[in-house]
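Trainee: Provided below for reference: sequence and predicted model.
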Amino acid sequence: MPELPEVETVRRSLEPAIGATLASLWTSGKPLRLNRPIPKAKLKALVGRTITALRRHGKYLLVDLNGPSSLLVHLGMTGSLRLHDAKDAREAHTHVVIGLGDGRELRYADPRRFGQVDVFERAREHEHPSLRVLGPDPYASTVDGDYLFERSRGRGTTLKSFLLDQANLAGVGNIYAAEALWRAKLKPTRRARRLTRVEAAALARAVRTSFDEALAHGGTTFSDFVDGSGQAGENAEYLVVYGRAGQPCRRCKSPIRRTIVQGRATYFCPTCQLS
DNA sequence: ATCACGACCTGGAGGC
DNA sequence: TGCCTCCAGGTCGTGA
């Protein structure tokens, strides 16, 4: 579910939590991704801190608190981070509840438990195992055609895998890889090393255009994505290729094709995305 | 080092 | 109604 536009939508929707103070903490006791336990003691130590800012890098949401620490949240496939009234019934698969002491609660829920919740020291942010390996956020000024061109030299993998590799660009997932490749008129199975400088520039623009559109529509919801206030996104209606197998290409009317590339559903237009 | 693949986990959809 | 199989927005460990 949540790729960069969805995580950014969550980030924006949680801004009303800035200024709130962490007052209590509850965890389910169930482990998340890689069977790793939620660091309850580190989270408990944050009680008394105030939320000062909400940031995002790629698909990671960073909640800054006064003092040296921040909270890291990754939504995995099915995670949600929502502001609730403390009186609201707790939804199934809730794993972290942070009481804000003002009648509100920040709740992390994640049915599949592919997500991540952690605490880190901001001064050592770049050393965090999950953040350390990330490439630049596609909205960073350093990301342009030249960056993608240089980065793709000597890479024998497909463009699709290249885009999904968070070490290259942080934030692209399976939906927007397909969307961006369609916009740039590039075939998902094209080898990254074959990208020309002109194509790389088109791809950099295409990634951002796809994200801009999705953001304007509040993100893509298929079944379970919601923002911090529980609102679903409308972007599924506007997708150009993802999930549109058999439907006409929005450029040339050819039926969109679905294939599997490296184990993941891949949508493209066989006419527009010839190479 | 790079790359492809399967595993992780739950729930929903569809077939019988 | 049940039971089975397949599929899903992400990441990471393994082995070639």
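Mentor: Arrived safely. Numbers count the residues shown, from 1 in each chain, chains lettered A, B, ... in the order given.
Trainee: Nearest to DNA strand C within chain A, name that residue for me.
Mentor: Chain A approaches DNA strand C most closely through residue A:173 (1.8 Å), counting by Cβ to the nearest atom of the strand. C-beta coordinates here come from the backbone N, C-alpha and C atoms, glycine included.
Trainee: wait, what's in contact with the nearest residue to that residue once chain neighbours are set aside?
Mentor: Of all residues not flanking residue A:173 in the chain, residue A:3 sits nearest, at 3.6 Å (Cβ to Cβ, 6 or more residues apart in numbering). Counting by Cβ atoms under 8 Å, 6 or more residues apart in numbering, residue A:3 touches A:59, A:171, A:172, A:173, A:174, A:175, A:176, A:220.
Trainee: now the closest residue to the first one other than its chain neighbours: how far from residue A:76?
Mentor: Nearest-residue entry for residue A:59: residue A:7, 5.1 Å, with adjacent residues in sequence omitted and distances by Cβ to Cβ, 6+ apart. Plainly put, residue A:7 is 11 Å away from residue A:76 if you go by Cβ to Cβ, to the nearest Å.
Trainee: Repeat that for residue A:245.
Mentor: Using Cβ to Cβ, one gets 25 Å for the distance from residue A:245 to residue A:76.
Trainee: what about the two, which has more around it?
Mentor: Applying other Cβ atoms under 10 Å to residue A:245 and residue A:76 shows that residue A:76 carries more neighbours, namely 18 against 14.
Trainee: So that one, which state does it fall into?
Mentor: Three-state assignment for residue A:76 (DSSP: H, G, I helix; E, B strand; the rest coil): coil.
Trainee: Residue A:56: what secondary structure?
Mentor: strand.
Trainee: And chain A, split by domain according to the record?
Mentor: Using automatic domain parsing, the domain parsing of chain A gives A:4-127, A:145-268.
Trainee: Same list, the ones you listed, but as JSON lines with mean pLDDT and distance to residue A:139 please.
Mentor: Converted to JSON lines, the domains of chain A look like this (pLDDT from 0 to 100; distance: least, Cβ to Cβ, whole Å):
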{"stretch": "domain A:4-127", "mean pLDDT": "97", "distance to residue A:139": "8"}
{"stretch": "domain A:145-268", "mean pLDDT": "97", "distance to residue A:139": "7"}
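Trainee: Now for the nearest residue to residue A:30 once chain neighbours are set aside, how many residues are close by?
Mentor: Spatial nearest neighbour of residue A:30, excluding adjacent residues (Cβ to Cβ, 6+ apart): residue A:95 at 6.0 Å. By other Cβ under 10 Å, the residues close to residue A:95 number 21.
Trainee: Residue A:163 now?
Mentor: Using other Cβ under 10 Å, the number of residues around residue A:163 comes to 29.
Trainee: for it, what are its contacts?
Mentor: Counting by Cβ under 8 Å, 6+ apart, residue A:163 touches A:169, A:172, A:177, A:180, A:181, A:207.
Trainee: Okay then, goodbye and thanks.
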